[in-house]
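J.: Need the 3D shape of this:
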Amino acid sequence: MAAENFWGGIAQQLGGRHVHVESVIDNPAADPHDHEPTAADGRAVATARYTIVNGIRYDARLGGGGQAAVGQSGQ
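T.: Have a look, this model is predicted:
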């Protein structure tokens with residue numbers, strides 16, 4: 001699970017056929033600063049095996065709970 005689609009795209013390219021990547025914000029034209037996480041976003045992040053975030057404070061609003069996180073959420 002990636003917070004933004006550009007991180008998800010990188011993860012997909014690196015993992016190829018060995019990974020399944022979803023992004024919370026999947027519209028490349030969307031401004032992540034304007035995104036309001038939904039309950040579904042929180043569930044997806046909480047149940048993800050891995051999450052990829054960039055460490056900027058808006059990622060902290062996505063929640064957490066994945067078994068491992070790449071980056072720093074909310075610090």
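
J.: Ala48 contacts Gly8, correct?
T.: No: the pair Ala48 and Gly8 does not pass the contact test of CB atoms under 8 Å, sitting 11.3 Å apart. Heads up, the C-betas are built off the backbone N, CA and C, glycines and all.

J.: Now list whatever residues contact both of these two.
T.: Shared contacts of Ala48 and Gly8, defined by CB atoms under 8 Å, 6 or more residues apart in numbering, comprise Glu22.

J.: can you give me the helices for the protein?
T.: 5-15, 39-47 (DSSP state H).

J.: where does the last one sit relative to the chain's centre, distance-wise?
T.: Right, helix 39-47. 10 Å (CA atoms, centre = their mean, to the nearest Å).

J.: need the strands for the chain, in chain order.
T.: 2-4, 23-25, 50-52, 68-70 (DSSP state E).

J.: Please work out which of the ones you listed is packed deepest.
T.: strand 2-4 (a mean of 25; mean count of other CB atoms under 10 Å).

J.: Need the residues that contact that one.
T.: Contacts for strand 2-4 (CB under 8 Å, 6+ apart): 8, 11, 21-25, 32, 51-54, 59, 62.

J.: Turn those into TSV, including pLDDT and distance to Ala39.
T.: Shown next, in TSV, are those (pLDDT from 0 to 100; distance: CB to CB, whole Å):
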residue	pLDDT	distance to Ala39
Gly8	92	20
Ala11	94	24
Val21	94	21
Glu22	93	16
Ser23	92	17
Val24	89	12
Ile25	89	16
Pro32	82	19
Thr51	86	17
Ile52	84	21
Val53	76	19
Asn54	73	23
Asp59	59	17
Leu62	60	12
